[in-house]
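Enquirer: one predicted model, sequence on top.
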Amino acid sequence: MPFVRIWVHLIWSTKNREKIINKNLKPKLLNHILENAKQKGIYIDQINCIADHLHALISLDTSQSISKVAFLLKGESSHWVNENKISPVHFEWQDEYIAVSVSESQVDKVRMYIKNQETHHRKMSFKDEFDLFIKKYGMNVLG
């Protein structure tokens, strides 16, 4: 039996980065994503969101890929929000996402970063944060 611990910081935004995750939707959305992840065997260590995007710290197991986990969490949660009419507007996630590996020594730091999203984004917009991640991790963005 393999013993694996692969930490991933996963970030994705609402479609067109619209600020549609309000105070009513946020706790319901986060709780639902956590429950859905648990049912699918996806381990979410920390999760938080603000009006236009979400951060999650996930530990992958041997049978999971980043793309499959992102697909399962994003697709199912947007479907659930719309099916249950929890948002006053049509809810959709952006196709793109950011996924970066996290070393074991940095897990606590990433947990705190995710936990403190509201404070962090009083100083920096999601666009600036997104651009910073792309630059910091040397990701190529086409178009």
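Expert: Good, I have the coordinates. Predicted, not measured: the structure shown is a model, and the values here were computed from it.
Enquirer: which strands and helices lie in contact with the helix or strand of the chain with the lowest mean pLDDT?
Expert: Sorting the helices and strands of the chain by mean pLDDT, DSSP states H and E puts helix 126-136 at the bottom, at a mean of 72. Identification of packing neighbours for helix 126-136 by 3 or more C-beta pairs under 8 Å, 6 or more residues apart in numbering; DSSP states H and E yields strand 6-14, strand 93-102. The way it works is simple: take the backbone N, C-alpha and C, and place the C-beta from them, glycine included.
Enquirer: which parts of it are buried?
Expert: 126, 129-130 (16 or more other C-beta atoms under 10 Å).
Enquirer: using PDB, write out every CA atom in that helix.
Expert: Listed in PDB are the C-alpha atoms of helix 126-136, where the atom choice follows Å, rounded to 0.1, in the frame of the first residue of the first chain:
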ATOM      1  CA  PHE A 126      -8.200  39.000  -7.100                       C
ATOM      2  CA  LYS A 127      -6.900  40.200 -10.500                       C
ATOM      3  CA  ASP A 128      -3.700  41.400  -8.800                       C
ATOM      4  CA  GLU A 129      -3.500  38.200  -6.800                       C
ATOM      5  CA  PHE A 130      -4.000  36.000  -9.900                       C
ATOM      6  CA  ASP A 131      -1.300  37.900 -11.800                       C
ATOM      7  CA  LEU A 132       1.000  37.600  -8.800                       C
ATOM      8  CA  PHE A 133       0.500  33.800  -8.700                       C
ATOM      9  CA  ILE A 134       1.100  33.500 -12.400                       C
ATOM     10  CA  LYS A 135       4.300  35.500 -12.200                       C
ATOM     11  CA  LYS A 136       5.600  33.900  -8.900                       C
END
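Enquirer: right, I'll call it a day here.
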